[in-house]
Structure formats: C-alpha cells, structure tokens
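Engineer: next one to model:
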Amino acid sequence: FFLTTLMFSFFLLESHQFTARLVDILKIVLTQTTFRFSVEHRLPKVKHWTPFDIYVASCQLLCCCIVGTFLSSHLAMQDNGGQCTSQTEHNLLLCLLSAWILWNIGFALRAGYAVSSEKRRCMAEGESMVARSKRVSDMVRKSF
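Structural biologist: Purely as a prediction, here's the structure:
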C-alpha cells in the first residue's frame, strides 16, 4: 500500500521530467516485485487467485495507469510546443487517486467481512480463532 501510494508523489515533478518519473516508478515496481517474491514462498500454493494476488495485480495496474498518465502528459506537452498541461495532469491525478482510495477502502471492507464471517463460522463449529490459526498453519507446514 505504502509503495504504491508513494507513486502519486511523482506528480510533483515537472511534466517535462518524464525520464526521471519513469525511472523512479521502475524502482518502486522492482521493490514491489522483490517483496512479492520474498513473501510468495511463505504462502500456501493454490491454483486460484488469492486476495494477495489480486491486490498485487491492482498495484501493478495502477503503476501502468500512472506511467500512461505521465506519457500522455509528456506527449501532449511536446504537441503543444512545450506548454505545460498541468490542469489535465492534475485532473488525471485526482481520478487515479480517488480510484485508488476507493479500491483500498473496498478491499479493507471485504477483508473485514471475511474475517468476521470466519469468526462466526469458527464459533458455530466451536473452534476458537487461535486453534483454527494453529491448525491451518500446521497444515501449511506439512504441505511444504
């Protein structure tokens, strides 16, 4: 969340600094990829997309959208003879930031709902969350 949100700070750079913006975003994408590979082996192997996979993919999609915004601003600036397109870039920033905030709120609400429904299911089965967590982690360890 933090690394992806940090990419919005690159809108503070001038529109003509496309290369600097792109290099900084690529650094963050590399960091995200490294994080994913460092965490991936600790997670159980499943054949379907997990919420973690969906969230990481959404971060990558946002990176592509921000790079697209930077590229379109840079190209528009070149087409206008070097005039700044700051209002258009500002509007695109607000759209992307709003979508990112709404996505994270929705994702957090969905995660909260999943946890509460799991607690209710455990209570109905007479199993505590601690015992269930221990049982699941034991199953994961045995599968590796």
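Engineer: center of this structure, which residue is that?
Structural biologist: Cys59 (2.7 Å; CA atoms, centre = their mean).
Engineer: so who does the nearest residue to that one once chain neighbours are set aside touch?
Structural biologist: Spatial nearest neighbour of Cys59, excluding adjacent residues (CB to CB, 6 or more residues apart in numbering): Thr4 at 4.4 Å. C-beta here means a position set from N, CA and C on the backbone, and glycine is covered the same way. By CB atoms under 8 Å, 6 or more residues apart in numbering, the contact set of Thr4 is Ile28, Gln32, Cys59, Leu62, Cys63, Trp100.
Engineer: which of the three states applies to Pro44?
Structural biologist: coil (DSSP: H, G, I helix; E, B strand; the rest coil).
Engineer: what number of residues lie near Leu92?
Structural biologist: Neighbours of Leu92 under the rule other CB atoms under 10 Å: 19.
Engineer: close enough to count as contact, it and Thr69?
Structural biologist: Yes - when contacts are counted by CB atoms under 8 Å, Leu92 is listed as touching Thr69 (4.7 Å).
Engineer: list the buried residues in stretch 62-74.
Structural biologist: For stretch 62-74, burial by neighbour count (16 or more other CB atoms under 10 Å) applies to Leu62, Cys63, Cys65, Ile66, Val67, Thr69, Phe70, Ser73, His74.
Engineer: what residues are up against the first one?
Structural biologist: For Leu62, the contacting residues are Thr4, Met7, Leu96, Trp100, by CB under 8 Å, 6+ apart.
Engineer: that'll do, ta.
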